[in-house]
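In: compute the structure for the input listed below.
(chains A and B)
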Amino acid sequence: MTIEFPVSEAHLTALRESLADRADLGGDLGVAYRTLDTPLGALLLAATERGLVRVAFEREEFDRVLETLAERVSPRILRAPGRLDEAVRELEEYLTGRRTRFDLHLDHALSSGFRGEVHRHLPEIGYGRTASYAEVAALAGRPRAVRAVGTACGTNPLPIVVPCHRVVRSDGSAGGYLGGPEAKAYLLRLEGAA
Amino acid sequence: MKQPFEIAVEQHGATVLRVCRAVLGATADADDAWSETFLAALRAWPDLDADTNVEAWLVRVAHRKAIDVTRARARRAVPVEHPAVDAVSTDGVPGPEPELWDAVAGLPERQRLAVAYHYLGGLTHRETADLIGGTAAAVRRAAADGIKTLRRTVAARQTGGEAP
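Out: Residues are numbered from 1 along each chain as shown, chains lettered A, B, ... in the order given. Model prediction:
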């Protein structure tokens, strides 16, 4: 006969929520994250104290996304939705067509070198517009680095918020996307760009 | 440690709570010890060696935090004008089946601690002896005696429940 030493899920959940709040208040929380259900599927949102550091699609596998955050940003990671309230509000507004630009603090810790340069220029492509990989290469000051722009878009740590979905092929076809071609098409339709 | 801390909470949160409850009772004190354990662990996490046995490490931290909570409780035992505010509020969260935890609380102290750190926390008899004193053999006996008593308690309750 084994003895059950009961611990309820509800009680543990309450303790974990309280832990996340205290860790955040005490400045001990390197990365706070939560998931959000959207028409694009579940998204993982993660933020440091400086700002939003990662938006990930489910197909990127959230466990792996968290491991990468632990290695490259901080292993002090907890599910702590509070820090992401503002990001959630703006994303929900954007995805329901009530917001055309994001006004969030961003942490570019996962964007370095030329990729980071590209990521910082992407918001210059306005809502509802598209630009070719070559045009973005020109924006970033290296007009011949078209392939590098493709790589940069494919490794954008902040998709949707940093609008790599607005970068399309010169022939007008959508090109690849972190979140899959359907997600890219969805976002371009939402913005009235396709 | 390069693993996300959330995974440690997910994997070991329940075990650490069982240890805290066996040591302190299924009370707000156990909740406090749990929270202090994971807060301290979160702070130390980046400097922890990658090959650490995380559960055993957490159980040792919980042991220290349980002592802190016990000392704080002793200080609080003196009547004070303002009651101490618990850091964690789990008001409204139903405490499940308190009978078993009551039975644990009713064990002699060494049996209770041996059950907590060895049986629930997964420490070896030797490691448990290092925490609570005595020899590994004495810990083995204390844990076995404690579990035997708890089995009897559970069996008596089940028989009682089936009686017409």
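In: mind listing what's buried in whichever helix in chain B runs longest?
Out: Longest among the helix segments of chain B by residue count, using DSSP state H, is helix B:136-162. If you call a residue buried by 16 or more other C-beta atoms under 10 Å in any protein chain shown, then helix B:136-162 has these buried ones: B:138-143, B:145-147, B:149-150, B:153-154. Backbone N, C-alpha and C define where each C-beta goes, glycine included.
In: packing partners of it?
Out: helix B:98-105, helix B:109-114, helix B:125-132 (3 or more C-beta pairs under 8 Å, 6 or more residues apart in numbering or on different chains; DSSP states H and E).
In: could you rerun that using 6 Å?
Out: Secondary-structure packing of helix B:136-162 (3 or more C-beta pairs under 6 Å, 6 or more residues apart in numbering or on different chains; DSSP states H and E): helix B:109-114, helix B:125-132.
In: make CSV from those and add distance to A:Val55 to it.
Out: Formatted as CSV, those follow (distance: least, C-beta to C-beta, whole Å):
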stretch, distance to A:Val55
helix B:109-114, 47
helix B:125-132, 43
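In: follow-up on the earlier one: of all the buried residues of helix B:136-162, which two lie farthest apart?
Out: B:Ala138 and B:Val154 (24.7 Å; C-beta to C-beta).
In: can you give me the helices for chain A?
Out: Under DSSP H, chain A gives helices at A:9-25, A:62-72, A:85-95, A:113-121, A:133-139, A:146-154, A:181-190.
In: name the helices or strands packed onto the fourth one?
Out: Looking back up the chat, that one is helix A:113-121. helix A:146-154.
In: for A:Ala131, see how far away A:Phe57 is.
Out: From A:Phe57 over to A:Ala131 the distance is 22 Å, taken as C-beta to C-beta, to the nearest Å.
In: swap that for B:Val9, please
Out: From B:Val9 to A:Ala131 the distance is 43 Å (C-beta to C-beta).
In: what about the residue nearest to A:Val161 when sequence neighbours are not counted, how many residues close to it?
Out: What sits nearest to A:Val161 in space, not counting adjacent residues and going by C-beta to C-beta, 6 or more residues apart in numbering or on different chains, is A:Phe102, at 4.9 Å. A:Phe102: 19 surrounding residues under other C-beta atoms under 10 Å in any protein chain shown.
In: with B:Ile67 instead?
Out: By the criterion of other C-beta under 10 Å, B:Ile67 has 13 neighbours.
In: again, but for B:Val69
Out: 24.
In: I'd say A:Asp74 and A:Tyr33 touch.
Out: You called it Asp, but residue A:74 is Ser. No - with contact defined as C-beta atoms under 6 Å, A:Ser74 does not reach A:Tyr33; the gap is 11.4 Å.
In: which of these two has more neighbours?
Out: Under the neighbour definition other C-beta under 10 Å, A:Ser74 and A:Tyr33 were set side by side, and A:Tyr33 has more, 25 against 19.
In: mind checking how far the more buried one is from A:Ile77?
Out: Distance from A:Tyr33 to A:Ile77, by C-beta to C-beta: 7 Å.
In: same check on A:Thr155?
Out: Taking C-beta to C-beta, one finds A:Thr155 at 20 Å from A:Ile77.
In: could you check which of these two is surrounded by more residues?
Out: Using other C-beta under 10 Å, the more surrounded residue of A:Thr155 and A:Ile77 is A:Ile77, with 26 against 15.
In: tell me the pLDDT of the residue nearest to A:Val161.
Out: Looking at A:Phe102, its pLDDT is 97.
In: wait, it sits on A:Arg89?
Out: No - the criterion here is C-beta under 6 Å, and A:Phe102 misses it with A:Arg89 at 10.7 Å.
In: where does pLDDT dip in chain A?
Out: A:1, A:194 (pLDDT under 70).
In: residue contacts, the residue positioned nearest the centre of it?
Out: Centrality entry for chain A: nearest residue to the mean C-alpha point is A:Val55, 1.5 Å, by C-alpha atoms, centre = their mean. Going by C-beta atoms under 6 Å, 6 or more residues apart in numbering or on different chains, A:Val55 touches A:43, A:45, A:158-161.
In: show me which of the residues you listed is closest to chain B.
Out: Chain B lies nearest to A:Leu45 out of these, by C-beta to the nearest C-beta, at 14.1 Å.
In: run through the bridge partners of that closest one.
Out: Counting by DSSP bridges, A:Leu45 forms beta bridges with A:Arg34, A:Val55.
In: and A:Val146, how many neighbours does it have?
Out: Other residues near A:Val146 come to 16 when the count uses other C-beta under 10 Å.
In: isn't it up against A:Glu135?
Out: No - applying C-beta under 6 Å, one finds A:Val146 not in contact with A:Glu135, separated by 9.5 Å.
In: residue contacts, A:Ala183?
Out: By C-beta under 6 Å, 6+ apart, the contact list for A:Ala183 reads A:40, A:177.
In: ditto for A:Pro75
Out: B:1-2, B:5, B:45-46.
In: can you do 7 Å?
Out: Counting by C-beta atoms under 7 Å, 6 or more residues apart in numbering or on different chains, A:Pro75 touches B:1-5, B:45-46.
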